[in-house]
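Student: Predicted model and sequence follow; I will ask about them next.
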Amino acid sequence: MNGDTAARTPTGTDHTAQDGGDVAGLPSSAVPAPRPADQAGSPARPDQPDQFDRPDQPDQPDQFDRPDQPDQPGQPDQPGSAARSWRERLAGFGYAGRPVAPLAERLVPPMPDGPGVTPAVVPPSPLLLRLGVSVPPAVWSWLCRWSGWLGPIAVAVFAGILRFTNLGQPHAIIFDETYYAKDAYALWHGGYEINWPDGANEQIMTPGAAVPYRSAASYVVHPPVGKWIIGVGEMLFGMNPFGWRFAVALLGTLSVLMVARIARRLFRSTLLGCVAGLLLSVDGLHLVLSRAALLDLVVMFWILAAFGFLLLDRDRTRARLADRLGGVPDAVLAQRANLGWRPYRIAAGVCVGLTCATKWSGLYVAAAFGVMTVLWDVGARRLAGAPRPYLATLARDVVPAFVSVVVVSLVVYVTSWWGWFASSNVPGKGGWGRDWAVGRSTDYPWIPEGLRALWHYHSTVYDFHTHLSDPHTYQSNPWSWLVLGRPVSFFYESPKQGQSGCTAAECAREVLGIGTPLLWWAAVVALVYCLWRWVARRDWRAGAVLCGLAAGYLPWFAYQQRTIFLFYAVVFVPFLVLAVTMLVGALIGPPGASRDRRIIGSAAAGLLVLLIVWNFLFFFPLFTGQTIPMDDWRQRMWFNSWI
């Protein structure tokens, strides 16, 4: 989406018309990427194609007329061929194909701003001049050059203020904090989870009372990484609500910065990156989970980090391939080239491993992201001229991708249990099940007893997860998640006048785990748009967004008989935000559109964002547990299922 209002300024042009859907097995888009703005600061070309390759363009190349592809061996473009005659017939009506960008720019479109793109001296903004605002030229040029970082950081600071203000309120153990806050404390003090005595919650919340820690092991059903992270805040600030929520709030804030930078790279627009960060910062479910010591926000963070590393790997690998090609498609080199050392993909594998080591739902992410990165390699080789890109990728890229994503994540996962491994294998002295393999006969004596005990532990955990069907007041079916059918009440009390700041006869104080309604409902429309972009226009960016959503959402449909909750959906909230951001870009329109089109589109996009922010502010008391009159609480219960 070419949504950057500065797209025609010397600060840089959005280059988001990247080659199409090399995600999910679809071939690259037939529409070439736009030529970037001149490095010295020339404006965007008036014939620059829309990054969403609008079908209403009369000179749009047909998807079978692929100017960015070299002639394939054995398939010469003969003068009498259908493709050539089609072009000749169009030329008779005045058709002229759009100029094709160099191969390197089609492989890796330039970023919208930065030291390598933005000129050293940037002319002052006409808008600021009209408003009478004067900025020193050196300061203005520096701001333009580093806007790709300054904008996202500013949005992240705003998100951090929302997440850390009164973080210790409600001053209580809310919802599943009763498990994870205490498990985190036990891990940091003994290396494994323990069985807490009755009344532990009351003792923990009593000022000055000792934490009732003991060494009796407890059976838990989630891996330890998320609890290790929660425990960092407890070690820094004590065993109190602020302490056990601190680390999660920090990850929630950092995830806003990450999604802004990811959107900027995905859409080649700093403006859209900031829009994505703003939308994530004002999502209610993301805010609530950022202010609670639960595992799901941690899962979301590592999924988003893995996605971001894969994007970096995509650009880095394509840039290396472009350098090796020297700007000219080469069938032999594209077919045989080794794409080399890929540290970003290994980093993505580490993040996937940390996801799985927080909750097992990360296994689906490993599978989805592994397929996605391989298909990105297929698209790169095809664009570079490989006659058989799937065969080349299968021969040269699949095994390294498997090692980077699957093997690395497995190593990280097993390593995350180091506290359990380090505990004693004497019965009753270590973590739960640590002594299971001691003295037990086996057909695999070469496997260390610790690994055999861990395997047994995991088999019992799998049985627990697949058969968990105890009814719960706030459980919901995944079919209802996108429309927020049944939110989760994390905390609720009804103070009377004079209690907890209540100024009415009766008040309500609640922390409701629900997304910002207008954002989620807009996301439903945006997902339909992304699906169309992916299927009909072969847009790889839409495919990437849908892949991230599918990895976090679709697996739950296989467990509809299980007790599951809406707040599990926080893991794919960033991809809902990216979908809405893509829709916002489509509303704004391309730089080459008419002035009226841009004004109307920008107004519509701005109105949508403002309505989402207003909706967030309206529900803000329910996200943060503020005391409000009961009548105000009822006004926010738009549906009976929300009560």
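Tutor: Great, that's in hand.
Student: now the helices: where do they sit in the stretch 251-400 of the chain?
Tutor: 270-281, 284-290, 296-325, 331-336, 343-356, 362-384, 389-396, 398-402 (DSSP state H, counting those that start in this stretch).
Student: Which of the ones you listed sits closest to residue 106?
Tutor: Residue 106 lies closest, by CB to CB, to one member of these: helix 362-384, at 6.2 Å. Yep, even glycine has a C-beta here, placed from its N, CA and C like the rest.
Student: what's the spacing between the closest one and its chain's center?
Tutor: Distance, stretch centre to chain centre, for helix 362-384: 16 Å (CA atoms, centre = their mean, to the nearest Å).
Student: by contact count, what packs against that helix?
Tutor: Judged by 3 or more CB pairs under 8 Å, 6 or more residues apart in numbering; DSSP states H and E, helix 362-384 is in contact with helix 103-107, helix 296-325, helix 331-336, helix 343-356, helix 389-396, helix 398-402, helix 540-553.
Student: need those in CSV with distance to residue 214, mean neighbour count and mean pLDDT, can you?
Tutor: Listed next are those as CSV, based on distance: least, CB to CB, whole Å; neighbours: other CB atoms under 10 Å; pLDDT from 0 to 100:
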stretch, distance to residue 214, mean neighbour count, mean pLDDT
helix 103-107, 59, 22, 84
helix 296-325, 26, 23, 95
helix 331-336, 62, 16, 90
helix 343-356, 29, 24, 96
helix 389-396, 54, 17, 92
helix 398-402, 44, 16, 92
helix 540-553, 37, 25, 96
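Student: got those helices as TSV, with distance to residue 380 columns?
Tutor: Shown next, in TSV, are the helices and strands packed on helix 362-384 (distance: least, CB to CB, whole Å):
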stretch	distance to residue 380
helix 103-107	7
helix 296-325	5
helix 331-336	8
helix 343-356	13
helix 389-396	8
helix 398-402	13
helix 540-553	11
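Student: before we move on, back to that, pipe the helices of the stretch 251-400 of the chain into CSV and attach distance to residue 179 per row.
Tutor: Formatted as CSV, those follow (distance: least, CB to CB, whole Å):
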stretch, distance to residue 179
helix 270-281, 26
helix 284-290, 15
helix 296-325, 13
helix 331-336, 52
helix 343-356, 19
helix 362-384, 19
helix 389-396, 44
helix 398-402, 35
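Student: right, so of these, which gets closest to residue 235?
Tutor: Closest among the helices of the stretch 251-400 of the chain, using CB to CB: helix 296-325, at 16.4 Å.
Student: need the helices for the stretch 401-550 of the chain, in chain order.
Tutor: Remark: helices assigned in the stretch 401-550 of the chain by DSSP H, counting those that start in this stretch are 408-415, 418-422, 449-466, 517-535, 540-553.
Student: Could you identify which of the ones you listed has the lowest mean pLDDT?
Tutor: The weakest mean pLDDT among those belongs to helix 449-466, with a mean of 88.
Student: how about that one: buried residues?
Tutor: Buried residues in helix 449-466, counted by 16 or more other CB atoms under 10 Å: 449, 450, 452, 453, 454, 457, 461.
Student: ranges for the strands of this structure?
Tutor: 488-493, 507-513, 627-629 (DSSP state E).
Student: For residue 470, which of the ones you listed is the nearest?
Tutor: Between residue 470 and the strands of the chain, the shortest gap by CB to CB is with strand 488-493, which sits at 15.3 Å.
Student: if we look at that closest one, which residues are touching it?
Tutor: Applying CB atoms under 8 Å, 6 or more residues apart in numbering, the contact partners of strand 488-493 are 170, 172, 174-175, 288, 292, 474, 500, 508-514, 565-567, 625.
Student: tell me the angle of it relative to strand 507-513?
Tutor: 160 degrees (axes from the mean of the first three to the mean of the last three CA atoms, to 10 degrees).
Student: Relative to the whole chain's centre, how far out is strand 488-493?
Tutor: In terms of CA atoms, centre = their mean, the centre of strand 488-493 is set 27 Å apart from its chain centre.
Student: Contact partners for the residue lying closest to residue 533 once chain neighbours are set aside?
Tutor: Distances taken as CB to CB, 6 or more residues apart in numbering put residue 542 closest to residue 533, at 3.7 Å, once the chain neighbours are dropped. For residue 542, the contact set (CB under 8 Å, 6+ apart) comprises 21, 529, 530, 531, 533, 534, 582.
Student: from these, which is closest to residue 222?
Tutor: Set against residue 222, the nearest of the contacts of residue 542 by CB to CB is residue 530 (31.4 Å).
Student: and that closest one, how many neighbours?
Tutor: Counted with other CB atoms under 10 Å, the neighbours of residue 530 add up to 25.
Student: looking at it, it is touching residue 581, isn't it?
Tutor: No: contact criterion CB atoms under 8 Å: residue 530 and residue 581 do not qualify, at 10.4 Å.
Student: do you know which of the helices of the stretch 251-400 of the chain lies nearest residue 586?
Tutor: Closest to residue 586 of these is helix 270-281 (CB to CB; 10.7 Å).
Student: Now do that closest one: distance to the chain's middle.
Tutor: The chain centre lies 12 Å from the centre of helix 270-281; the measure is CA atoms, centre = their mean.
Student: and what of stretch 535-549?
Tutor: Its chain's C-alpha centre and that of stretch 535-549 lie 14 Å apart, by CA atoms, centre = their mean.
Student: Quick check: closest non-adjacent residue to residue 289.
Tutor: Leaving aside its sequence neighbours, residue 289 sits nearest to residue 297 (CB to CB, 6+ apart; 4.1 Å).
Student: ok, now which ones touch that neighbour?
Tutor: Here residue 297 is in contact with 248, 251, 252, 255, 286, 289, 290, 570 (CB under 8 Å, 6+ apart).
Student: With pLDDT added, can I get the residues you listed in CSV?
Tutor: Output for the contacts of residue 297, formatted as CSV (pLDDT from 0 to 100):
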residue, pLDDT
248, 98
251, 98
252, 97
255, 98
286, 98
289, 97
290, 98
570, 96
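Student: and which of the residues you listed is nearest residue 612?
Tutor: Closest to residue 612, out of all of the contacts of residue 297 and judged by CB to CB, is residue 286, at 12.7 Å.
Student: Can you tell me the closest non-neighbouring residue to that closest one?
Tutor: Nearest residue to residue 286 in three dimensions, chain neighbours excluded: residue 573, at 5.2 Å (CB to CB, 6+ apart).
Student: number of nearby residues for the one you found?
Tutor: Using other CB under 10 Å, residue 573 has 29 neighbouring residues.
Student: Pull up the gap between it and residue 432, please.
Tutor: Residue 573 sits 33 Å away from residue 432, going by CB to CB, to the nearest Å.
Student: cool, and residue 332?
Tutor: Residue 332 sits 58 Å away from residue 432, going by CB to CB.
Student: my guess is residue 254 meets residue 301, correct?
Tutor: Yes: checked against CB under 8 Å, the pair residue 254 and residue 301 is within contact range at 7.1 Å.
Student: what's near enough to touch the most centrally placed residue in the chain?
Tutor: Ranked by distance to the mean C-alpha position of the chain (CA atoms, centre = their mean), the top residue is residue 304 at 3.7 Å. Contacts here follow CB under 8 Å, 6+ apart; on that basis residue 304 touches 255, 258, 259, 262, 574.
Student: Most neighbours among those residues, please name it.
Tutor: residue 259 (32 neighbours).
Student: Out of the strands of the chain, indicate the one that is most buried.
Tutor: Highest mean neighbour count of those: strand 507-513, a mean of 23 (counted as mean count of other CB atoms under 10 Å).
Student: Tell me the helices and strands packed up against it.
Tutor: If you count contacts as 3+ CB pairs under 8 Å, 6+ apart, strand 507-513 packs onto helix 284-290, strand 488-493, helix 595-624, strand 627-629, helix 630-635.
Student: Would you reformat those as CSV and include distance to residue 350?
Tutor: Formatted as CSV, those follow (distance: least, CB to CB, whole Å):
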stretch, distance to residue 350
helix 284-290, 23
strand 488-493, 31
helix 595-624, 32
strand 627-629, 43
helix 630-635, 44
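Student: I'd like to know which of these lies nearest to residue 374.
Tutor: Across the helices and strands packed on strand 507-513, the minimum distance to residue 374, taken as CB to CB, is reached by helix 284-290, at 30.0 Å.
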